[in-house]
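1. Below are the sequence and a predicted model; questions follow.
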Amino acid sequence: MSVIIYHNPDCGTSRNVLALIRNAGIEPMIIEYLKTPPSRETLIDLIGRMGVLVRSVLREKDTPYAQLGLANPALPDAALLDAMMAHPILINRPIVVTPLGVKLCRPSETVLDILPAPQRAGFAKEDGEAVVDSAGRRIR
């Protein structure tokens with residue numbers, strides 16, 4: 001079963017998503033997108049498969065978002081994609097690809113919507129918030 005995570009190991013949400021994937025007994029293909037950014041074509045494909053706007057995958061926090069004037073709503077998608085290609089840190093993460101779909105998994109438990117296997121055990125995020133009970137069922 002093929003699962004891909006566009007991952008940043010320095011991001012707690014990304015680490016939680018990776019752990020939830022593994023809690024389902026799946027070892028995903030891990031793409032550290034800051035070291036190996038997706039091509040423009042791949043990013044366009046991922047965004048299209050998510051069914052979201054290009055702007056919705058832009059990361060603002062701890063990025064050059066403000067410096068580059070990316071808050072301007074008049075900027076076309078091409079300009080936003082250019083910025084993400086030049087500065088991969090602007091790509092929000094983690095993006096997960098499974099046979100059931102593609103999602104930007106924020107919050108981390110969003111990944112449960114597209115995992116092709118159930119959780120095998122309870123799971124709590126790094127901050128201690130329980131998201132899966134001991135029977136492998138999503139909490140909430």
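-> Yep, it's here.
2. separation between the residue nearest the centre of the chain and Glu129?
-> The chain has Pro94 as the residue nearest its centroid, 2.0 Å off, counting by Cα atoms, centre = their mean. As for Pro94, its distance to Glu129 is 17 Å (criterion: Cβ to Cβ, to the nearest Å). Yep, even glycine has a C-beta here, placed from its N, CA and C like the rest.
3. how about the strands in this protein?
-> 4-7, 29-32, 95-98, 101-104, 123-124, 130-132 (DSSP state E).
4. low-scoring pLDDT stretches of this protein, where are they?
-> 1 (pLDDT under 70).
5. Now the terminal residues of stretch 83-91, how far apart.
-> The first residue of stretch 83-91 is 9 Å away from its last residue (Cα to Cα, to the nearest Å).
6. let me fix that: stretch 94-103
-> Stretch 94-103: ends 8 Å apart by Cα to Cα.
7. So what's the gap between that stretch and the chain middle?
-> Put simply, stretch 94-103 sits 8 Å off its chain's centre (Cα atoms, centre = their mean, to the nearest Å).
8. Residues touching that stretch, excluding its own?
-> 1-8, 11, 13-14, 17-18, 21, 28, 33, 46, 49-50, 57, 104-105, 110-111, 113-116 (Cβ atoms under 8 Å, 6 or more residues apart in numbering).
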